[in-house]
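In: predicted model and sequence below, questions to follow.
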Amino acid sequence: MKNILSYFLLFCITICNAQNSPSFEELLKDVSSIEGKQEYLKSPFVTAGRRTYMVGFQDGSFPEIGWHIKGEMGGVWNHPIKLFDGFAAEIISEKDTIRLDKADSFTNYPIASKQNYKFPEKEIEVERWQFIPDENQGFVFQYIIHNYSKKAKKLHFNLKGFSDLRPTWLGERTNMNDGPDKANFNTKTNYVVFRDSLNPWFATMGSDQKPRAYKEISSAYGGKGTGFLLDFEIEIPANQSEKINFFGSGSYKSVAEASENYRDIRKNLIQEILSKKEKYQGLAARSKLTIPDKKIQQLFEWLKYNSEWLVQEVPEIGTGITAGIPDYPWWFGVDSEYALKGYMAVGQEEAVNKTIRLLDSVSMAVNGNGRIIHEMSTNGAVFNKGNINETPQFASLIWEIYKWNGDKHFLQKYFPTIKKGLEWLLQENDKNGNLFPDGFGMMEIHGLDSEMIDVAAYTQRAFADAAKIAAELEQDSLKTEYSQLAETLRKKINSQFWSEEFNSYADFIGTDEQALKLIDDAIVRADTLNKPWSVKELRQIKKYIQENPSSEPRPFVLHHNWVVNTPMEMKIADSAKAIKALKTAEIYTNPFGVFVTGIDRDESSENGDGSFKGSKSFSYTGAVMTLPTGVQAVAENNYGHPDKALEYLKKMSRSFSYAFPGSMYEVSPDYGMITQAWTIYSFAIPIIQQFFGIQPMASEKTISIRPQMPLEWENASLENVKVAGNSVSVIYSKENGQLSLKIVQTQPDWKLKIILPKGYYEVKGNLISEEKNKNMTFQMSGKEIEIKEKL
């Protein structure tokens, strides 16, 4: 029915002129939205498509923001180039100039956003909407001007566009040299064409109304851009409204392509809105969560939108999820390796496949030995050829995705990279032959490049998962070799990385010399941040090392970095050690989540009401992030603590819409990237694969379901979880201690393996077998089954 209405609306629109066509508000009236906070109007928002995205401030201004390219990460981007630094609009009413750069409110939608401006003394209100199409290299502003007076108003409306046709980060490595911009107004087409004087880079700006005047102006920004002003005359009858649309486009190839993009977005605007709206409704419907906690339910829905915002396409290079906006709008190995597991669980398979293809092809082109890159700009320049952890994490990612898609061709395609990578890992990075590769892992702290706990944990998991891949591909000798290495590593991690004194796994294994240097650096950091307990602890460790020297490398707990929890995340920690380590980890948290570096914690961490106080230059010192917190939730679930896992999800949820409505910042609650890809891992894995217990093995047409639900979630459902060609929904309830489970799938021939606590159950559906051991296991098939506990 919705599709019929959409097409009917589209048909009506095509025979109407622009003034009679529906406004953005009418088109989006049934779309969810979140209004921002007044105190964060002077902070960023993003409205995104796959080819183009826009970053400005919620108050409607476009300040110079960002540090990766200083002051250049805002505006409109069409990677690998930037199009515009920003825009400025003003209304001239009775010789008074009203600037539209201090909005009274900001509202975010999954596919658009809106500023509201109120001028009661002029009896005028203005809405500014912005929309980015999904694939077109263009964007749209819509201004709706409301005249609340009892007489008609004759206004001048000016829009100023400030181009900055410049290359993305590392442009100099690919001979992208910025030149001064020029602009001219095309009187035949009624739009401005901006061009870079040294390159075939173009941008356009125009309206659905003809301007009464126009002129080139100086740019209000740094750089080599230019500006252009379009002046319109608008008459608004008493108590009525008028709207004016502005269109822009870009191309890093030719003026012909930029012009084609402009014509396309003008002609197909309504169709673009409706198709994108339908796409996002599809995102919401897949892995649809319904739970008593409505904040986490809303957050989960919007994380699926956030995930799509971060997909970036550059046809000459590829398509993939980017790490974060505004300063990391390019491709990363490790960010993808976490995030894509979550993307797959919420059904965003296309982005998963394209990102893996991109990472694999570039990594093999640049490294050729299975090493997975860390960071690549959208112009193809690779900044970091790969930290050590990224290569084993790629192996585990491939196995995890295979469990969902069941595609053996997928395994066959990427297993050569995995085999080369594991060989490179131990042959090139394990000089002492103890199976612990040396080098940087997740913690990019100077000096932390010896034998790191996260590298060890992810290496162990990689060999375990690679053994499973080898088994699927009937490579028995490799299966045996990898399995043995995985088991050896598991034992070594539990014996050699464990510190009984700290009840924690060590940050690293290294020499006394390495440790003493790191301690001195850490003391300076802790002292500068006024963390006396850290200084005291570090000095005690230093004294112990000096009084009890070792000629051999040994484990050290210095920073209490979050990565010490990866053995529990990977479920390779011995249970007794895991329980102790999980308890220790609770110390290094605040109300928003887990500290990246534990020595940054202090008493003020108990108060989570305020914003994050970062340093003057961009830094993660003192940061609490969603990824470490999500890892902790996964770890707690692995050892049977769903209520504790939910506590960590609630901590993270305090950051949702804290500053940017509908999103969660990279650093909690309001610092760094305004939306971050790997946050989907931190929620999708604990909720889908652990609370609801959905564990697919698509190649066998089997889905295991073992609910491990928090006590608070007495009624919970997860609908339309995509597993290869199947879709499964789980409806869970537990009222008065009585568990009830309903499972619906679209492919009745698939097997459902339901694992529940030992007890007595009434089963409805096609029961294949029943097994009673430590748990009750029911093998079933059919479209719909029900299991109810008998008390």
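Out: That came in fine, so what should we check first?

In: from here on, contacts and neighbour counts on C-alpha atoms
Out: Fine.

In: spatially nearest residue to the residue most central in space within the chain, not counting backbone neighbours?
Out: Nearest to the geometric centre of the chain sits Ala677, at 1.4 Å (C-alpha atoms, centre = their mean). Leaving out its chain neighbours, the residue that sits closest to Ala677 by C-alpha to C-alpha, 6 or more residues apart in numbering is Ala323, at 5.3 Å.

In: so what does whichever strand or helix holds the one you found touch, helix or strand wise?
Out: For Ala323, the enclosing helix or strand under DSSP states H and E is strand 318-325. Under the contact criterion of 3 or more C-alpha pairs under 8 Å, 6 or more residues apart in numbering; DSSP states H and E, strand 318-325 touches strand 311-314, strand 328-332, helix 333-345, helix 349-366, strand 675-676.

In: for the protein, identify the residue most remote from the centre.
Out: Outermost in the chain, C-alpha atoms, centre = their mean: Lys151 at 49.1 Å.

In: show me what contacts the residue nearest to it when sequence neighbours are not counted?
Out: The shortest distance from Lys151 to any non-neighbouring residue, by C-alpha to C-alpha, 6+ apart, is to Ala238 (4.5 Å). Listed by C-alpha atoms under 8 Å, 6 or more residues apart in numbering, the contact set of Ala238 reads Asn147, Tyr148, Ser149, Lys150, Lys151, Ala152, Lys153.

In: may I see the ChimeraX selection of the buried members of these?
Out: Buried residues within these, by 16 or more other C-alpha atoms under 10 Å, are selected in ChimeraX with:
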select :147,148,149,153
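
In: run a quick neighbour tally on Ala526.
Out: The number of residues packed near Ala526 is 21, by other C-alpha atoms under 10 Å.

In: assumed it was part of a helix.
Out: Yes: when DSSP: H, G, I helix; E, B strand; the rest coil is applied, Ala526 is found to be in a helix.

In: looking at it, it is touching Pro532, isn't it?
Out: Yes: between Ala526 and Pro532 there is a contact under C-alpha atoms under 8 Å: 7.2 Å.

In: quick check: mean pLDDT of the strand holding Ala323?
Out: For strand 318-325, mean pLDDT is 98.

In: strand partners of that strand, parallel vs antiparallel please.
Out: strand 311-314 (antiparallel), strand 328-332 (antiparallel), strand 675-676 (antiparallel) (DSSP bridges).

In: name the residues that touch it?
Out: Contact with strand 318-325 is made by 46, 307, 310-313, 328-332, 335-336, 351-352, 354-356, 358, 666, 673-678, as judged by C-alpha under 8 Å, 6+ apart.

In: quick one, helices of the stretch 501-650 of the chain?
Out: 512-528, 532-547, 566-569, 575-585, 626-638, 642-653 (DSSP state H, counting those that start in this stretch).

In: these: lowest mean pLDDT?
Out: When I compare the helices of the stretch 501-650 of the chain, helix 512-528 is least confident, with a mean of 89.

In: can you give the distance of it from its chain's centre?
Out: Taking C-alpha atoms, centre = their mean, to the nearest Å, the mean C-alpha location of helix 512-528 is offset from the chain mean by 33 Å.

In: buried residues in that helix?
Out: Asp512, Ala515, Leu516, Leu518, Ile519, Ala522, Ile523, Arg525, Ala526.

In: so, low pLDDT: which residues of the chain?
Out: By pLDDT under 70, the low-scoring segments of the chain are 1-20, 447, 603-609.

In: what domains does the record give for this structure?
Out: 2-280, 330-497, 692-789 (automatic domain parsing).

In: now these in JSON lines, with distance to Gly630?
Out: Formatted as JSON lines, the domains of the chain follow (distance: least, C-alpha to C-alpha, whole Å):
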{"stretch": "domain 2-280", "distance to Gly630": "23"}
{"stretch": "domain 330-497", "distance to Gly630": "10"}
{"stretch": "domain 692-789", "distance to Gly630": "16"}
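
In: quick check: phi and psi on Ile217?
Out: Main-chain torsions, Ile217, degrees, to the nearest 10: phi -130, psi 170.

In: for Val126, which non-adjacent residue is spatially closest?
Out: Nearest to Val126 is Ile145, by C-alpha to C-alpha, 6+ apart, at 4.6 Å.

In: in what helix or strand does that neighbour lie?
Out: Going by DSSP H and E, Ile145 is part of strand 138-147.

In: tell me which residues touch the residue nearest to Gly74 when sequence neighbours are not counted, please.
Out: What sits nearest to Gly74 in space, not counting adjacent residues and going by C-alpha to C-alpha, 6+ apart, is Val55, at 4.8 Å. Residues near Val55 by C-alpha under 8 Å, 6+ apart: Pro44, Phe45, Val46, Thr47, Phe62, Met73, Gly74, Gly75, Val76, Pro326.

In: what comes into contact with stretch 135-147?
Out: Looking at what lies outside stretch 135-147 - C-alpha under 8 Å, 6+ apart - the contacts are 24, 49-53, 78, 123-133, 153, 236-251, 258, 261-262, 264-265.
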